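Q: only geometry, no sequence info:
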């Protein structure tokens, strides 16, 4: 049941990205083009996602335990440190340059465009590289 619920949530997320147009790199880049033909629709999508997440966390965490797990798996690290800032900056730069981030890229793979596949290959290579780099994190 756990895998089916993860699949359902992933499909719902991908459907939302597709319906909102967030799988189109040009839409993301036009949002970042404040001085040009600015498209504020990404701001509406982000605000809506924030509202849904805020309410969803309140409702789900009030239950005491998740439906398909023995306990919630929430992040224990709450410090804003150098690796977090550097990772966020790299993520933002990549998102701004490519117009894609991991979720929309996976959803956009259904479009069959070679540039999307190149992005996904680079993303997977970056993930694999991260796994092979020595951990420099404080315990």
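A: Okay, I see it. What you are looking at is a predicted structure, and each value in this text was computed from that prediction instead of being measured.

Q: For this structure, just list every one of the helices.
A: 2-19, 25-32, 41-61, 82-98, 102-108, 114-132 (DSSP state H).

Q: Now tabulate those helices in CSV and tack on mean neighbour count, mean pLDDT and distance to residue 72.
A: Where C-beta positions appear, they are placed from N, C-alpha and C, glycine not excepted. As requested, the helices of the chain are exported to CSV (neighbours: other CB atoms under 10 Å; pLDDT from 0 to 100; distance: least, CB to CB, whole Å):
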stretch, mean neighbour count, mean pLDDT, distance to residue 72
helix 2-19, 12, 90, 14
helix 25-32, 17, 87, 31
helix 41-61, 12, 92, 7
helix 82-98, 12, 89, 21
helix 102-108, 20, 90, 22
helix 114-132, 12, 89, 25
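
Q: okay, the ones you listed in a markdown table with distance to residue 76 next?
A: A markdown table is the format used below for those (distance: least, CB to CB, whole Å):
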| stretch | distance to residue 76 |
| --- | --- |
| helix 2-19 | 22 |
| helix 25-32 | 32 |
| helix 41-61 | 15 |
| helix 82-98 | 14 |
| helix 102-108 | 23 |
| helix 114-132 | 20 |
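
Q: Would you point out which residue is most central in this structure?
A: Among the residues of the chain, the one closest to the centroid is residue 103, at 4.9 Å (CA atoms, centre = their mean).

Q: what sits against that one?
A: Neighbouring residues of residue 103 by CB atoms under 8 Å, 6 or more residues apart in numbering: 13, 14, 17.

Q: distance between the ends of stretch 67-82?
A: Length of stretch 67-82, first residue to last, CA to CA, to the nearest Å: 35 Å.

Q: thinking again about what came up before, ok, of the contacts of residue 103, which one's closest to residue 133?
A: Closest approach between these and residue 133, by CB to CB: residue 13, at 28.5 Å.
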